[in-house]
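Participant: just a sequence and a predicted model for now, questions to come.
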Amino acid sequence: MKDFIGTSTLVRLALRRDRVLIPLWVVVFAITAAGSAQASIEVFPDVQSRVEAAATTNSSPALLSLYGRIFDPTSLGEVSLFKLTSFGALLVGLLAAIIVNRHTRGEEETGRLELLSAGVLGRYAALAAGLIVASGTVILLGLFSALGLIGAGLPAAGSFAFGLTWAAAGLAFAGVSALIVQLTENARTATGMTAVVLGVAYVLRAIGDSSASGSSEWVSWLSPIGWTQQIRPFAGDRYVVALLPIALLAVLVVAAFALLRRRDIGAGLVRPRPGPPVAARSLNSPLALAWRLQRGALYGWSAAFLLLGLIVGNIASNVDGFVTSDSAKELVQKLGGVEGITDAFLATETGLLGLLASAFGIQAALRLRSEETALRAEPLLATGVTRTRWLSSHVLIALLGTTLLALLGGLGSGISSGASLGNMGHQIPRLLAAAAVQLPATWLVTALVILLFGALPRAITAAWFLYGLFLLIGQFGSIFNLPQSVMNLSPYAHTPRLPGGEFSATPLIWLLAITAALTAAGYTTFRRRDIG
């Protein structure tokens, strides 16, 4: 047991560092689940309305691929929470992975763990502490979410089964992150690899759920997210299925500890390839260096956005044929916020692409802080490179990167939907315009990171919490019937719903003005504070 000495101390340290973010995430998820249930009681007052909504979902490949199948169309709980089951499991899995990465690989990369290891600290203590904190977080998140659903009036058995789906997904991907952090010596790379695994798991689940006549339903069983969905809260409450993600966690944790024994602190099992002995002549400016550091991530994001846009556009061409009843049309139009079923779907998915593009903007801007804490910024600033020039290099990559991603998603949607509908020349400009109007909100979120970097660098990770809050408001605010004052907190609530909606330049101008003000404040505060 000497390898675990100091675990309790590191757990207390991790809880001290995350004393704000962890409770906030737990509360946000619990309120989201309870709010969705409470709002749906009014939307689906009788069995007939629930059956029609379930028929719409189960007959639409678009909704099935995004949110999953409704197994019991008469169940108020399942119809109320179908948008949250798989999508929520994805977010909880990401949260658990981030916590594990933050308190293991992140601590190694900054050198803090090596300093702590100079005292009485076992080799396995950091990994054990990260897993304990992540596991405890997702278990509490699932428990409070279940209690919120019970308070909203849903059955207790189904409510706890729903909480178990989120907790089980978090446990599974905590194990995935524990294994991945042993392979790479960079926290950002570990986060990216975990995100890829999460994406593959979600796509496998989507393929299985959206297959015709259930011919490929087995594919869903290849995904931990598919496993949690098969718990079927409010539609059988199959608690025993949760043993699968728990067993996966056990296997991955054993493997992670075995790999940890084989590597040095600060190193990964997969060593980075050494670069050339002499830097390329192109690396003659801060912007060139920022591009070199961020280009790999941007290439991967770009390919994913183009593919996602092509998929969305292809699905959109068939949406109208799957929606027949008036109440079902009203539901889909409410999700999209515009008239016309196809345009409603495209507007919703284009907005989602804008949200996803913001994640790259946050990630790219956060590179500023990682460069600073890794002591790579100070040597650059000791030369003739000014603070403004160095900051601008990463800001420019973040803003131009989000622009490229949004437009690639719009282009892919326009090409595939235009090819299916036979009017590509009409669809491509419409979808590019729909993607372009998302950019001011996306840039504003990036500007928030810049402000935090300049004014409150230690709290810069709060940008992810704000992003999650905007995402929840944007995706579920209309379903919850939230007050407009709450909806207005999200910058995405002010973007025109295109295609099909009315365009107004006024909110976009305001978003750009706020973005400029936040960015200027970030530059000003960064110039006035000490490095590090």
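Facilitator: In hand now; what should we look at? The structure displayed is predicted, hence computed values, not measured ones.
Participant: residue contacts, residue 363?
Facilitator: 188, 297 (Cβ atoms under 8 Å, 6 or more residues apart in numbering). Where C-beta positions appear, they are placed from N, C-alpha and C, glycine not excepted.
Participant: distance between the helix or strand containing it and the chain's centre?
Facilitator: Residue 363 belongs to helix 341-373 when elements are defined using DSSP states H and E. Here the centre of helix 341-373 is set off from its chain's centre by 9 Å, with Cα atoms, centre = their mean, to the nearest Å.
Participant: what are the buried residues along the helix or strand just after that helix?
Facilitator: Counting by DSSP H and E, the next helix or strand C-terminal to helix 341-373 is helix 377-381. Across helix 377-381, burial judged by 16 or more other Cβ atoms under 10 Å covers 377, 380.
Participant: packing partners for helix 377-381?
Facilitator: Contact analysis of helix 377-381 by 3 or more Cβ pairs under 8 Å, 6 or more residues apart in numbering; DSSP states H and E lists helix 341-373, helix 387-421 as its packing neighbours.
Participant: who's in contact with it?
Facilitator: 286, 289, 368, 371, 372, 387, 390, 531, 532.
Participant: just send those back as JSON lines, with distance to residue 97 too.
Facilitator: Shown next, in JSON lines, are the contacts of helix 377-381 (distance: Cβ to Cβ, whole Å):
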{"residue": "286", "distance to residue 97": "31"}
{"residue": "289", "distance to residue 97": "28"}
{"residue": "368", "distance to residue 97": "22"}
{"residue": "371", "distance to residue 97": "23"}
{"residue": "372", "distance to residue 97": "24"}
{"residue": "387", "distance to residue 97": "33"}
{"residue": "390", "distance to residue 97": "30"}
{"residue": "531", "distance to residue 97": "30"}
{"residue": "532", "distance to residue 97": "27"}
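Participant: between the helix or strand encompassing residue 305 and helix 387-421, how big is the angle?
Facilitator: Under the criterion of DSSP H and E, residue 305 resides in helix 286-322. Angle of helix 286-322 versus helix 387-421, following axes from the mean of the first three to the mean of the last three Cα atoms, to 10 degrees, is 30 degrees.
Participant: state the mean pLDDT of helix 286-322.
Facilitator: In this model, helix 286-322 has a mean pLDDT of 78.
Participant: can you pull the buried residues of stretch 258-269?
Facilitator: In stretch 258-269, counting by 16+ other Cβ under 10 Å, buried: 259, 260, 268.
Participant: how close does residue 158 sit to residue 209?
Facilitator: Residue 158 sits 20 Å away from residue 209, going by Cβ to Cβ, to the nearest Å.
Participant: spit out the contact partners of the residue nearest the centre of the chain.
Facilitator: The residue lying closest to the centre of the chain (Cα atoms, centre = their mean) is residue 91, at 5.7 Å. By Cβ under 8 Å, 6+ apart, the contact set of residue 91 is 29, 468.
Participant: quick check on the contacts of helix 377-381: which are buried?
Facilitator: Buried among the contacts of helix 377-381 (16+ other Cβ under 10 Å): 286, 289, 368, 371, 372, 387, 390.
Participant: how far away is the fourth one from residue 365?
Facilitator: So the one you mean is residue 371. Where residue 365 is concerned, residue 371 sits at a distance of 11 Å (Cβ to Cβ).
Participant: okay, and for the stretch 151-300 of the chain, where does confidence drop off?
Facilitator: 211-215, 272, 275, 279, 282 (pLDDT under 70).
Participant: thinking again about what came up before, from the contacts of helix 377-381, which is closest to residue 58?
Facilitator: residue 368 (45.7 Å; Cβ to Cβ).
Participant: gap between the closest one and residue 451?
Facilitator: Residue 368 is 12 Å from residue 451, by Cβ to Cβ.
Participant: ok, residue 113 next?
Facilitator: Distance from residue 113 to residue 451, by Cβ to Cβ: 30 Å.
Participant: circling back to that earlier point, between the helix holding residue 363 and helix 387-421, how many degrees?
Facilitator: 160 degrees.
Participant: report the mean confidence score over helix 341-373.
Facilitator: 83.
Participant: repeat that for stretch 450-468.
Facilitator: 86.
Participant: in it, which residues are buried?
Facilitator: 450-455, 457, 460-464, 466-468.
Participant: could you do stretch 244-253 as well?
Facilitator: Here stretch 244-253 shows 244, 245, 248, 249, 252, 253 as buried, counting by 16+ other Cβ under 10 Å.
Participant: for the stretch 101-250 of the chain, just list every one of the helices.
Facilitator: 105-110, 112-117, 125-151, 156-180, 187-210, 224-229, 243-261 (DSSP state H, counting those that start in this stretch).
Participant: the ones you listed: which one's closest to residue 309?
Facilitator: The nearest among these, by Cβ to Cβ, is helix 187-210 at 14.8 Å.
Participant: the closest one to helix 341-373, inter-axis angle?
Facilitator: Using the same axes, to 10 degrees: helix 187-210 against helix 341-373 is 160 degrees.
Participant: out of the buried ones among the contacts of helix 377-381, which comes closest to residue 25?
Facilitator: residue 368 (23.7 Å).
Participant: I figured the closest one hits residue 391, correct?
Facilitator: Yes - assessed by Cβ atoms under 8 Å, residue 368 is found in contact with residue 391 at 6.8 Å.
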